[in-house]
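Student: Make a model of this:
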Amino acid sequence: QEQLVESGGGLVQAGGSLRLSCAASGFSFSAYTMGWFRQAPGNEREFVAGINWDGTNQWYSDSVKGRFTISRDNAKNTVYLQMNSLNSGDTAVYYCGAQRRFKVNSREYDYWGQGTQVTVSS
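Tutor: Numbers count the residues shown, from 1 in each chain. Coordinates of the predicted model:
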């Protein structure tokens, strides 16, 4: 059974850092593009970052470019999101998703994790 499990969220002060992890199982992880999305209360799920199957291409939303870094370790079936210079606007539930090709529309993703809460205090 396909499964994605996020971890690493928590409460952090503005300007701080967090590293999220997403462990995959039950499907061919190395064949999939992976994406990080986030959803704040009352908002739709929005694209944050994506990485292709071998890590040679990354994509970022304008709001996180230069602050967040996505990476993956195919030997560990895990994708990461390093988040630096966090601000209150980054407060949301963060989800990882898997898709064969890069997409920014969350509705086009095949698999999702349960999400991890990130709260940035000002």
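Student: other SSEs contacting the helix or strand bottoming out on mean pLDDT in the chain?
Tutor: Scoring the helices and strands of the chain by mean pLDDT, DSSP states H and E places strand 111-112 at the bottom, with a mean of 96. Here strand 111-112 touches strand 3-7, strand 92-99, going by 3 or more CB pairs under 8 Å, 6 or more residues apart in numbering; DSSP states H and E. (C-beta placed from N, C-alpha, C; glycine too.)
Student: list the contacts for the residue nearest the centre of the chain?
Tutor: Geometric centre of the chain, nearest residue: residue 36, 2.3 Å, by CA atoms, centre = their mean. The neighbourhood of residue 36, defined by CB atoms under 8 Å, 6 or more residues apart in numbering, consists of 20, 22, 48-50, 68, 70, 79, 81, 94-97.
Student: same check, this time on residue 76
Tutor: By CB under 8 Å, 6+ apart, the residues touching residue 76 are residue 23.
Student: related to what we said a few turns ago, what's the spacing between the residue nearest to the centre of the chain and residue 122?
Tutor: Noted for residue 36: a distance of 23 Å to residue 122, by CB to CB, to the nearest Å.
Student: Equivalent analysis for residue 104, please.
Tutor: Counting by CB to CB, the gap from residue 104 to residue 122 is 28 Å.
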